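1. A predicted structure for the sequence below; I have some questions about it.
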Amino acid sequence: MSYERILSIQSLNDVANPWKGFTMNRCLALALLVVVVSSSVNELHGAMVEQRSGLVGVRGSGSDTEKEAANQWQRNAETQA
């Protein structure tokens, strides 16, 4: 049995290619879109968690803000327990 009988294709141009129009630029654009959407969903989820726990507006940096956030988390944990 020869390979010509198994593969009756003369050239690869005869094979249908579903990825023909999918270039590297489109791949990079799609990857960037996935990163932006997932990051946005992550930020939205974080904002919703903060809103539920009562930490709205405590998101800044600095030791006083971090202490206040820790105190707020502790108060919320005590009231829920």
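-> Structure received.
2. From now on I want contacts and neighbour counts done on CA atoms only, so please keep to that.
-> Fine.
3. residues contacting V35?
-> With C-alpha atoms under 8 Å, 6 or more residues apart in numbering as the criterion, no residue contacts V35.
4. for this protein, what helix or strand is lowest in average pLDDT?
-> helix 3-6 (a mean of 58; mean pLDDT, DSSP states H and E).
5. Name the next helix or strand downstream of that one, please.
-> As assigned by DSSP states H and E, the chain's next helix or strand after helix 3-6 is helix 24-53.
6. Please identify the buried residues of the host helix or strand of A69?
-> Using DSSP H and E, A69 maps to helix 63-80. Within helix 63-80, the residues that count as buried by 16 or more other C-alpha atoms under 10 Å are A69, Q72.
7. Could I get the average pLDDT for that helix?
-> Across helix 63-80, pLDDT averages out at 76.
8. Please apply the same query to stretch 20-34.
-> 93.
9. Quick one: distance of it to the chain centre.
-> Computed by C-alpha atoms, centre = their mean, to the nearest Å, the separation of stretch 20-34 from the middle of its chain amounts to 16 Å.
10. As PDB, could you dump the C-alpha coordinates of it?
-> What follows is stretch 20-34 as a C-alpha-only set of coordinates in PDB (Å, rounded to 0.1, in the frame of the first residue of the first chain):
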ATOM      1  CA  LYS A  20      -6.800  31.100   6.900                       C
ATOM      2  CA  GLY A  21      -8.100  34.600   7.800                       C
ATOM      3  CA  PHE A  22      -6.800  34.500  11.400                       C
ATOM      4  CA  THR A  23      -3.600  36.400  11.300                       C
ATOM      5  CA  MET A  24      -1.100  37.100  14.100                       C
ATOM      6  CA  ASN A  25      -2.400  40.600  14.600                       C
ATOM      7  CA  ARG A  26      -5.900  39.300  15.100                       C
ATOM      8  CA  CYS A  27      -4.600  36.700  17.600                       C
ATOM      9  CA  LEU A  28      -2.900  39.500  19.500                       C
ATOM     10  CA  ALA A  29      -6.000  41.700  19.400                       C
ATOM     11  CA  LEU A  30      -8.100  38.800  20.700                       C
ATOM     12  CA  ALA A  31      -5.700  38.000  23.500                       C
ATOM     13  CA  LEU A  32      -5.700  41.700  24.500                       C
ATOM     14  CA  LEU A  33      -9.400  41.800  24.500                       C
ATOM     15  CA  VAL A  34      -9.600  38.700  26.700                       C
END
